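In: make a model of this:
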Amino acid sequence: MKRLLFLAASLLCVGCSSATTVSNRTPKGNPNAAVVVEEYADIQCPACRAAHEGITKQLIQTYGDRIRFDFMHFPLRSIHRYALEAAEASECAADQGKFWEFVDTAYKNQRELNSDVLPEWARQVGVNVPQFEQCIKSHARRNTVLADYTRGRERDVGGTPTFFVNGKQVQTGFDTVSAAIDAELERLTQRL
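Out: Have a look, this model is predicted:
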């Protein structure tokens, strides 16, 4: 009987990822770039929404394949009720190759963020909604999100958004992050 219940539970979760810390999200830019920009962000954070438009998208447009841009989750659960759930949802979308589309939609519609809108946003970006909903209900991606959060705490991230360029924390702002990228590109060019 236990084997039958296990098999039934396994079949219900066909297509959803196992509880793992490995993300299926892809970086923006060049995955093999020597300059890596990381942003620790909270999908429910208004400052992160502003940074997504005013910093992140501009960096990606300006530097293209000269950088690797990684999104790292840092849900501020004490002040943002849906931050963890939205982060998990973005990872469930990543399992279907739609991480960045989901994040763009979530930031665009951030004021409406609650548990009920997540499947609608998933539908808008073109994911398999039943698979997405099962992923959320099972919390299959919670460990992925919490691994990012833990790594951020270990790196002294205290709030969002927080940017790093090649492992060094940089003051948030397009000009400051851009200057750090330029310095790294110059340093790497001089080494050649």
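In: in contact with Thr189, which residues?
Out: For Thr189, no contacting residues are found, by CB atoms under 8 Å, 6 or more residues apart in numbering. All C-beta atoms are positioned from the backbone trio N, CA, C, and that covers glycine.
In: apart from its neighbours in sequence, what residue is nearest the residue most central in space within the chain?
Out: In the chain, the centroid-proximal residue (CA atoms, centre = their mean) is Phe71; its distance is 4.3 Å. Closest residue to Phe71 in three dimensions, ignoring its sequence neighbours and counting by CB to CB, 6 or more residues apart in numbering: Glu39, at 5.8 Å.
In: what about the lengthiest helix in the chain, distance to the chain center?
Out: Longest helix in the chain, counting residues (DSSP state H): helix 174-191. Its chain's average C-alpha position is 24 Å from that of helix 174-191, according to CA atoms, centre = their mean, to the nearest Å.
In: do stretch 81-97 as well
Out: 8 Å.
In: buried ones in that stretch, by neighbour count?
Out: By 16 or more other CB atoms under 10 Å, the buried positions in stretch 81-97 come out as 82-96.
In: backbone dihedrals for the residue nearest to Phe71, please?
Out: phi -120, psi 120 (degrees, to the nearest 10).
In: and it, how many residues sit next to it?
Out: Residues contacting Glu39 under the criterion other CB atoms under 10 Å number 22.
In: you'd agree it is up against Met72?
Out: Yes - the pair Glu39 / Met72 is scored as a contact, 6.5 Å apart, by CB atoms under 8 Å.
In: where does this structure have low pLDDT?
Out: For the chain, applying pLDDT under 70 flags the ranges 1-21, 192.
In: ok, which stretches of it are helices?
Out: Listed in chain order, the helices of the chain (DSSP H) span 2-12, 46-51, 57-63, 83-94, 99-108, 118-125, 129-138, 142-154, 174-191.
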